[in-house]
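1. coords please:
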Amino acid sequence: MHHMNTMLLISILGLFGCYRQVKSPDNPMARAAAVSFHSLSARDIHGNPFSFEQLRGKKVLVVNTASECGYTPQYKQLQELHEAYAAKGLVVIGFPCNQFGGQEPGSSTQIESFCQKNYGVTFLLMDKVEVKGAGQHPVYAWLTQIGQNGAMDAEVKWNFHKFLVDGDGHLAMSLGSGVSPLDERILKWVEAE
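-> Reported below is the predicted structural model:
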């Protein structure tokens with residue numbers, strides 16, 4: 001019954017031109033994003049505004065990070081990914097977050113210092129944000145809600161959850177914390193034309 005109601009709603013919305021089907025071999029139900037990824041913005045780790053418009057045409061890996069997590073060594077692989085593919089148009093963006101086990105208690109200055117000293121991080125780090133709940137940052141609202149991104153609903157369950165967004169601003173993949181930044185799925189996606 002629920003499926004029938006959904007299909008009916010899609011048909012009605014289709015009549016009004018509000019629902020646009022996007023042909024995609026991976027997801028036949030994918031639709032145009034209600035919000036453009038490139039219209040988003042955030043503050044970098046120094047508090048400066050960063051417009052996602054400058055990411056147009058680049059592949060982006062967005063990851064929520066923490067300095068005191070079992071997955072913290074992934075900073076090393078994220079940096080390796082950044083070094084290997086930045087020249088080919090990949091942008092790695094880390095969003096520190098203290099929502100999982102209180103594992104990112106530091107200030108922006110402490111976080112940046114920790115990342116540089118321990119992992120030589122030079123990829124883009126943003127200001128600390130909330131990735132879920134009432135204070136969810138707009139970037140994470142976009143990443144986790146099909147109503148905004150047009151591709152999928154996703155839930156960030158722990159630190160180092162990865163999202164892949166293509167150069168056109170389409171959400172391509174959501175990968176859990178246990179997936180290495182150097183996982184074959186990520187590398188194949190980055191290397192694909």
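
2. excluding its backbone neighbours, what's nearest Leu40?
-> The shortest distance from Leu40 to any non-neighbouring residue, by C-beta to C-beta, 6 or more residues apart in numbering, is to Phe52 (4.4 Å). For every residue, glycine as well, the C-beta is placed using N, CA and C.

3. so what's that neighbour up against?
-> With contact taken as C-beta atoms under 8 Å, 6 or more residues apart in numbering, Phe52 is in contact with 37-42, 139.

4. One more pass at 6 Å, please.
-> By C-beta atoms under 6 Å, 6 or more residues apart in numbering, Phe52 lies in contact with 38, 40-41.

5. Next: Lys162.
-> Contact partners of Lys162, counting by C-beta under 6 Å, 6+ apart, are 61, 63, 175.

6. Are we agreed that Phe50 is in a helix?
-> No: assessed with DSSP: H, G, I helix; E, B strand; the rest coil, Phe50 is strand; it does not lie in a helix.

7. and it, what does it touch?
-> By C-beta under 6 Å, 6+ apart, the contact list for Phe50 reads 42, 44.

8. Could you do Met126 as well?
-> Listed by C-beta under 6 Å, 6+ apart, the contact set of Met126 reads 42, 44, 95.

9. The last one - how many residues pack around it?
-> Looking back up the chat, that one is Phe95. With neighbours defined by other C-beta atoms under 10 Å, the count for Phe95 comes to 24.

10. so it, which of the three states?
-> Assigned with three-state DSSP, Phe95 falls in the strand class.

11. measure it to Val190 for me?
-> Per C-beta to C-beta, to the nearest Å, Phe95 is found 19 Å from Val190.

12. So what touches stretch 94-105?
-> Residues outside stretch 94-105 that contact it (C-beta under 6 Å, 6+ apart): 63-69, 111, 125-126, 128-131, 158-159.

13. ok, back up a step: just among the contacts of Phe52, which is most surrounded?
-> Using other C-beta under 10 Å as the neighbour criterion, Leu40 leads these with 21 neighbours.

14. In contact with that one, which residues?
-> Leu40 neighbours (C-beta under 6 Å, 6+ apart): 52, 138-139.

15. Dump stretch 110-122 to CSV, restricted to CA.
-> Taking C-alpha atoms only, stretch 110-122 is exported to CSV below (Å, rounded to 0.1, in the frame of the first residue of the first chain):
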residue,chain,number,x,y,z
GLN,A,110,44.1,22.2,18.5
ILE,A,111,42.5,20.0,15.8
GLU,A,112,44.5,21.6,13.0
SER,A,113,47.8,21.3,15.0
PHE,A,114,47.0,17.6,15.8
CYS,A,115,46.3,16.8,12.2
GLN,A,116,49.4,18.5,10.8
LYS,A,117,51.7,17.2,13.5
ASN,A,118,50.5,13.5,13.5
TYR,A,119,49.4,13.0,9.9
GLY,A,120,50.8,15.8,7.9
VAL,A,121,47.3,16.8,6.8
THR,A,122,47.2,19.5,4.1
